[in-house]
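> fold the following.
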Amino acid sequence: MNDTLTESGSGGRTLPSMLSLVWLLTGGMMLLSLIGAGLLMLPQASSIPPTSNFFADALFTSVSAVCLVGLTIHNTATVYTPLGQAVILVLMQLGAIGILTFGLLAMSIIASPFGGFGGTGFHSAPERLDRQYGAMNAVGRAAVIVVTFTLAIELIGAAALYPMFLNSPAADGKWFEAAWQSLFHSVSAFCNGGFSTCKQNLMQGVEQGWPTPLRSNWQILGVIAPLIIVGGLGLPVLGDVARYISSLARRLTGGGRSPGYSHGLTLHTKLVLSVTCLLIVFGASGLLFFEPPRTGSVNAFGAPIGGQAERSANDWAALEPAGRTREAILQSVSARSAGFNTIDLGQLSNGSKLWLSGLMLIGASPAGT
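Residues are numbered from 1 along each chain as shown. Next up, the predicted model:
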């Protein structure tokens, strides 16, 4: 079996074949899941007593974290210790790095035989790496690009989330706990993992000890949602956009190759950005349509709608139009691959559940998390 792909006109340069990348990704994720399950079974990792389902539960959680699914059997906040939560965070991080690296190299392989598709796109970076380091070393060099970019974005996100979590009941003003929760949620959002160290995911309200409902903080829509979107776009798209902005800036400042020169976006990037924007808008619009405000009734907590709109963490119908729009946008973004929720999805209408199911079926972009 040929493990490399030789580019035509490349002077004999080779890239790892798609099949070898698939085997590398699959084997790596399986091994990582088993290691993660073993770590989660440590007595210091959780408060779960050893039972006949102990290994199955640990393996399920480990696979869910590595594959960025977000499904849980046990509450991450209450059952897993800081060590167990750290294991879950590392599993999400390594799973995302593997997927992003695979996507980066896969796009370079797909684009190589079709110059019109790749154009001056992101696959030029793996080509340069491959020319210098060879086929398998190109994987490692691509991973370096992925890790550097991923950590930079996640640290920026964690810094933006820090003020919000500093006032959380768990942190209670303690900077280390606030920093940990900020980092965990930043990683989980960018990796589209959906895990949370909050007891009810992001459905935290005054009843849980927060000064204001968690969803009312600007960081939920202003930081969490963008992290989900950026992680879901994938590095080929982000790299292409970065080069486009850079070339446009050079052209405007007179530093480009020529007065009329600019790096154009590839067809792949244009499609991904267009579809992403359309899905966010249509997804939110559909939720607003299927969940009209219900005035003159009581909410899920038995309180009259309108009186404590922002106090009830799980009630959507009681929110003002701006709040309902905010929730619709967040759920539209999150449903495609992240899994965060600021409202009780069980209270949604059947139409909304079907609408969200459609968004989940579509998922994130190619080469994204």
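> any weak-confidence spans in this structure?
Where the chain drops to pLDDT under 70, the residues are 1-19, 52, 107-140, 206-207, 254-263, 294-315, 317-318, 367.
> now do the strands in it.
4-6, 14-16 (DSSP state E).
> hey, which helix is longest across the chain?
With secondary structure taken from DSSP state H, the chain has its longest helix at helix 135-166.
> how about that helix: buried residues?
Across helix 135-166, burial judged by 16 or more other Cβ atoms under 10 Å covers 135, 138-139, 141-143, 145-146, 149-150, 153-154, 157-158, 160-162, 164-166. To be clear about C-beta, it is placed using only N, CA and C from the backbone, and glycine gets the same treatment.
> and that helix, what does it pack onto?
On a contact count with 3 or more Cβ pairs under 8 Å, 6 or more residues apart in numbering; DSSP states H and E, helix 135-166 meets strand 14-16, helix 82-111, helix 124-133, helix 175-190, helix 218-219, helix 225-233, helix 235-252.
> Throw the ones you listed into JSON lines and include mean neighbour count and distance to Thr369, thanks.
Below are these laid out as JSON lines (neighbours: other Cβ atoms under 10 Å; distance: least, Cβ to Cβ, whole Å):
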{"stretch": "strand 14-16", "mean neighbour count": "23", "distance to Thr369": "21"}
{"stretch": "helix 82-111", "mean neighbour count": "22", "distance to Thr369": "5"}
{"stretch": "helix 124-133", "mean neighbour count": "18", "distance to Thr369": "19"}
{"stretch": "helix 175-190", "mean neighbour count": "22", "distance to Thr369": "7"}
{"stretch": "helix 218-219", "mean neighbour count": "14", "distance to Thr369": "20"}
{"stretch": "helix 225-233", "mean neighbour count": "23", "distance to Thr369": "4"}
{"stretch": "helix 235-252", "mean neighbour count": "18", "distance to Thr369": "10"}
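> could the ones you listed be laid out in CSV, adding distance to Ala338?
Shown next, in CSV, are those (distance: least, Cβ to Cβ, whole Å):
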stretch, distance to Ala338
strand 14-16, 29
helix 82-111, 11
helix 124-133, 27
helix 175-190, 7
helix 218-219, 15
helix 225-233, 4
helix 235-252, 17
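> out of the ones you listed, which gets nearest to Ser46?
helix 82-111 (4.8 Å; Cβ to Cβ).
> circling back: now do the longest helix of the chain: distance to the chain's middle.
12 Å (Cα atoms, centre = their mean, to the nearest Å).
> please name the residues that touch Gly70.
Residues counted as contacts of Gly70 (Cβ atoms under 8 Å, 6 or more residues apart in numbering) are Ser64, Asn192, Gly193, Gly194, Phe195, Ala338, Gly339.
> try it again at 7 Å.
Counting by Cβ atoms under 7 Å, 6 or more residues apart in numbering, Gly70 makes contact with Ser64, Gly193, Gly194, Phe195, Gly339.
> ramachandran coordinates for it?
Backbone torsions for Gly70, taken as degrees, to the nearest 10, come to phi 90, psi 0.
> ok, now Leu71?
phi -80, psi 140.
> with the one 10 residues further on instead?
For Thr81, the backbone dihedrals (degrees, to the nearest 10) come out as phi -80, psi 170.
> re earlier: most neighbours, which of the contacts of Gly70?
Ranked by neighbour count (other Cβ atoms under 10 Å), the contacts of Gly70 have Gly193 at the top, with 32 neighbours.
> the inter-axis angle of the longest helix of the chain versus helix 235-252?
80 degrees (axes from the mean of the first three to the mean of the last three Cα atoms, to 10 degrees).
> what angle do helix 135-166 and helix 82-111 make?
Using the same axes, to 10 degrees: helix 135-166 against helix 82-111 is 140 degrees.
> rebuild the contacts of Gly70 as TSV, extending it with distance to Val230.
Putting these into TSV (distance: Cβ to Cβ, whole Å) gives the following:
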residue	distance to Val230
Ser64	22
Gly193	14
Gly194	16
Phe195	18
Gly339	16
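> and the furthest pair within the residues you listed?
So, the contacts of Gly70 by Cβ to Cβ: farthest apart are Ser64 and Gly339, at 9.8 Å.
> measure the closest residue to Ala96 other than its chain neighbours to Ser20 for me?
The shortest distance from Ala96 to any non-neighbouring residue, by Cβ to Cβ, 6 or more residues apart in numbering, is to Cys191 (3.7 Å). From Cys191 across to Ser20, the span is 24 Å (Cβ to Cβ, to the nearest Å).
> in terms of neighbours, single out the busier of these two.
Neighbours were counted for Cys191 and for Ser20 using other Cβ under 10 Å; Cys191 has more, 31 against 19.
> verify the stated contact: that one with Val230.
No: in this structure, Cys191 is not within contact of Val230 by Cβ atoms under 7 Å, at 10.8 Å.
> ok, Asn201 - contacts?
Phe340, Asn341.
> for it, grab phi and psi.
Dihedral angles for Asn201 - degrees, to the nearest 10 - are phi 60, psi -130.
> distance check, Met30 against Phe55.
Met30 is 15 Å from Phe55, by Cβ to Cβ.
> ok, for Ile35, nearest residue in space, not its chain neighbours?
Here the residue nearest Ile35, using Cβ to Cβ, 6+ apart, is Ser62, at 8.0 Å.
> also Pro211?
Using Cβ to Cβ, 6+ apart and skipping the chain neighbours, the partner closest in space to Pro211 is Asn167 (5.7 Å).
> test my guess that the one you found contacts Gly209.
No: judged on Cβ under 7 Å, Asn167 makes no contact with Gly209 at a distance of 10.0 Å.
> tell me which of those two has more neighbours.
Higher neighbour count among Asn167 and Gly209: Asn167, with 16 against 13, using other Cβ under 10 Å.
> got the domain boundaries for this protein?
Per the record, the chain has its domains at 4-199, 263-362, by automatic domain parsing.
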